[in-house]
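Asker: quick one: sequence and predicted model below, then my questions.
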Amino acid sequence: MRRSRFAKIVATVGPATAAPEMIRSLYFSGADTFRLNFSHGSHDDHAGVLASIRRLEHEVGTPIGVLQDLQGPKLRIGSLDSGKLMLNAGETVRFSLDGGGDGKQSIPLPHPEIFAAVHPGQDVLIDDGRVRLSVVSPGDKEIVARVVVGGVIRDHKGVNLPGALLDISPLDP
């Protein structure tokens, strides 16, 4: 089944669409490529989905694209004593490599590569950028930062450092 269109449709395969009959239905509904999200599921699950796609490809006699979305590194704050912490714009907080999560003076950040990469003025984004801080004073085991955009941070929320070069693998093992 050859399609003559300029746009391609990518369908993400998840638990609700992994069965061979669902993959077949998605293909005949217009999907050209199937995306497998390797952040979730097992290698055996993905192998089964890939086998189903290849059987369908053989049946229809045309190539079907497969996009493998690989998981990157996850940088997160550690556990906070109360599970959450309110950060207000203008206040100063401390991130600690060895922190115990005891409030704004020791927010745990268990990633030595962050401590090695930050510099004064570096933005630190938490929880998909909902909370924004600016590094005031970097150190080997402690980072002092000023809250630019406040909000609540919770245990294990993601940390992002736009523009920083971190000494970590781009792929998670």
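Answerer: Looks like it arrived, so ask away.
Asker: strands along the protein, start to end?
Answerer: Under the criterion DSSP state E, strands of the chain are mapped to 10-13, 33-37, 65-69, 84-87, 92-96, 107-108, 123-126, 131-137, 142-149, 151-154, 159-160.
Asker: Gly151 contacts Val131, correct?
Answerer: Yes - using C-beta atoms under 8 Å, Gly151 is in contact with Val131, at 4.4 Å. Glycine gets a C-beta too; all of them are placed from N, C-alpha and C.
Asker: quick one: terminal-to-terminal distance for stretch 83-100?
Answerer: The first residue of stretch 83-100 is 12 Å away from its last residue (C-alpha to C-alpha, to the nearest Å).
Asker: surely Pro120 and Ser137 touch.
Answerer: Yes - using C-beta under 8 Å, Pro120 is in contact with Ser137, at 6.9 Å.
Asker: quick one: closest of the strands of the chain to Ala51.
Answerer: Comparing those by their distance to Ala51 (C-beta to C-beta), the top pick is strand 65-69, with 11.1 Å.
Asker: I'd like the average pLDDT over the closest one.
Answerer: For strand 65-69, the per-residue pLDDT values average out at 94.
Asker: how about stretch 114-122?
Answerer: The average of the pLDDT scores along stretch 114-122 is 95.
Asker: got the CA coordinates for it in PDB?
Answerer: The C-alpha trace of stretch 114-122 is given here as PDB (Å, rounded to 0.1, in the frame of the first residue of the first chain):
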ATOM      1  CA  ILE A 114      25.800  19.500  38.200                       C
ATOM      2  CA  PHE A 115      28.100  20.900  40.800                       C
ATOM      3  CA  ALA A 116      31.100  20.600  38.400                       C
ATOM      4  CA  ALA A 117      29.200  22.400  35.600                       C
ATOM      5  CA  VAL A 118      27.400  25.400  37.100                       C
ATOM      6  CA  HIS A 119      28.700  29.000  37.200                       C
ATOM      7  CA  PRO A 120      27.400  32.200  38.600                       C
ATOM      8  CA  GLY A 121      24.400  33.400  36.700                       C
ATOM      9  CA  GLN A 122      23.600  29.800  35.500                       C
END
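Asker: report the central residue of this protein.
Answerer: For the chain, the residue nearest the mean C-alpha position is Lys74 (6.0 Å; C-alpha atoms, centre = their mean).
Asker: so how far is Gln122 from that one?
Answerer: Using C-beta to C-beta, to the nearest Å, one gets 19 Å for the distance from Lys74 to Gln122.
Asker: same check on Val66?
Answerer: Note on Val66: its distance to Gln122, by C-beta to C-beta, is 38 Å.
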